[in-house]
Structures are given as structure tokens and as C-alpha cells.
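Novice: this is a predicted model, with the sequence first.
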Amino acid sequence: MDFELEDLGLDPKVKKTLNHGGYAINLSWLECRTCHFLTRDPRRIGSTVPCGKCGDSAAARLYPSSEAIQLLTDVQHFYKSSFEALERERNILLAEVSAITGRRFNFKAVFESAEQTGNLYRDLGGARDSFDNAMLQIKESLGLGSVEASTQVFYAMFNHINEPRDDKAVLILSASLLELLSIDLIKRLYLKKGVPPDLSSQLVERIRTHAAITHEFKILAGRPLKEALIALGFPDFYDNWLSIKQSRDTFIHRGRLNQSTTVASDAFKLSNESFAVFASLVNTYAV
Ligand SMILES: [Zn+2]
């Protein structure tokens, strides 16, 4: 039997952008070495144009740190490879299901059946009943005649439509990126309050949780973080960040992703937006 592999498609626009090298660094900002004001004006790389805030003409440096830019590069890498892996696995599954049953299937039917089966199996916690129900689900949705065929198809589905592994990397790295940027923000707020650099570094070392970050921000900036983000034109950022944080914690503690298909793309979007969001916070509250 020969199979034509289907291109199931990462959004072509996203694919094109991700294939374009240096994407993460294109989202970075430039920081004045004197007053720490952040700008997207590329002329600040050289010393031809002075800082719009303090007038200093020394060449600006990159914001955020190279670690943060590398994390965003990694998020983008794994997001792209997650789609590619999904495409590959789906095509293998289609080929295997056709080989088991001796029939050609419409791809959509197989994938929908696999998703339903996977959800059914996972929601019931992998209990004996859930296995039987999953068999029944496959048998009905694909119109299979025998239990043997259903069982083999179930194994193929389990092997090839598991939670995409790279989605987990996208989630973990995104949560790390946001943590890094927010701790950097808190440190800048300490410095602005006149706390010496060494002590500022020690103080942020103690910050370990999202709640602690929010708490410190409110004390130092005089305004709740969520409110500050809304006022800066990022109405959903706080809630989406919290939701990524919770998904990450659930994964760390229980080893599974909630609604894995949307978690990675939400985390990806949030990460791509994060440099601009934190730069706005820095300019408004820490310069
Ligand atoms: Zn300046």
C-alpha cells in the first residue's frame, strides 16, 4: 500500500516567520545605559541618536538579557518542532491504521477518532472501563468489524497521538521566560527606589512564586500588576500568564497537560508578546 502524506499545516504565516532566522532577537529592545529607558529605535545601536529620555548619546545595549532572548528562541524552536512532529506522527498513524484495517481512511476521521479516544482514555484515568470504552469508540467511529482491529488501532493511536512532547517544552520554557522577565522588572524597581545593586540582587533571590512577584510589584510600583498591564494596553496578559503558570505547575506536579492543543499556542503567543509587555512596564514604573 502506498500513502500520500498530508500536509496538515502549521499556520503558513507562523511557519514563515519561524523559518526566518533571528526572530527572537527581532523582538528585543534597546536600553539606555544611563537612565535605562527602553526603545525600539534601531538607531540607538550606534551612538548617532541620543536617548529620548535623558539625552545621553552612548550606544544602547540589548533588552532583555541574552538568557531571556535565548529562552524565547527556544520557545519558538519547540513550538515549530511541535507542529512538525504532530504532522509526522499523524501521517504515520494514518498509514498504520490503513495497514491494520486494509482500508483507506480519510485523515480527518482517523484524527478525530484518535482525539476522542485519547480524551476518553485520559479523562477516565486509564482505568479498565476507559480502555473498553475507548475500544468501543474506535470501533464505532471508524466502523471497524473486530475487537482485534480496534485494539491494534488503539495501540497505534496511543503511540502516535500522545501529548506532543515539544508542547511541554514550550510551556516550561515560556513559564521560565516570564519568570525571568518579571524578576528583572522587580530588580529594576528596587534600583529605582535607591536600593543598592547588591542588595537588590539578594532581595530578588528570595522571590520564588507568581504571588510574590505580584506582591512586590504592588508595593514597589504602587499599583496591582494586573491593573498596570490593562492600563498599558495588554488587557489579557495577566490572566493568560496566570493560566500558563497553572498549566506549568499542573504538569510539574502531575505529569500531564491540560487542553494540550491550546496550552502551547497560548504560551507561544504570550512569550512573543512578553518583551514588549515588560519593556512597557519598565519604562512606566522603573525608569
Ligand atoms: Zn537615557
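Specialist: Here it is on my side, so go on.
Novice: got the residues of this protein near the ion?
Specialist: By the rule C-beta under 5 Å from the ion, the part of the chain lying against the ion is Cys32, Thr34, Cys35, Phe37, Cys51, Lys53, Cys54, Asp56. (Each C-beta comes from the backbone N, C-alpha and C, glycine too.)
Novice: and Thr284, what does it touch?
Specialist: Thr284 is in contact with Ala228, Leu232, counting by C-beta atoms under 8 Å, 6 or more residues apart in numbering.
Novice: same check on Phe217?
Specialist: Ser182, Leu185, Ile186, Leu189, Arg223, Pro224, Leu225, Ala228.
Novice: any stretches of the stretch 151-287 of the chain with poor pLDDT?
Specialist: Across the stretch 151-287 of the chain, residues meeting the criterion (pLDDT under 70) sit at 162-164, 258-261.
Novice: in it, which residue sits closest to the ion?
Specialist: Val287 (8.0 Å; C-beta to the ion).
Novice: list the contacts for that residue?
Specialist: Cys35, His36, Phe37, Leu38, Lys53, Lys192.
Novice: which of these count as buried?
Specialist: His36, Phe37, Leu38, Lys192 (16 or more other C-beta atoms under 10 Å).
Novice: secondary structure added to the residues you listed, as a markdown table?
Specialist: Shown next, in a markdown table, are these (DSSP: H, G, I helix; E, B strand; the rest coil):
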| residue | secondary structure |
| --- | --- |
| His36 | coil |
| Phe37 | coil |
| Leu38 | strand |
| Lys192 | helix |
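Novice: want to throw the residues of the chain next to the ion into a markdown table with pLDDT and secondary structure?
Specialist: Converted to a markdown table, those look like this (pLDDT from 0 to 100; DSSP: H, G, I helix; E, B strand; the rest coil):
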| residue | pLDDT | secondary structure |
| --- | --- | --- |
| Cys32 | 95 | coil |
| Thr34 | 93 | coil |
| Cys35 | 94 | coil |
| Phe37 | 96 | coil |
| Cys51 | 93 | coil |
| Lys53 | 93 | coil |
| Cys54 | 94 | coil |
| Asp56 | 91 | coil |
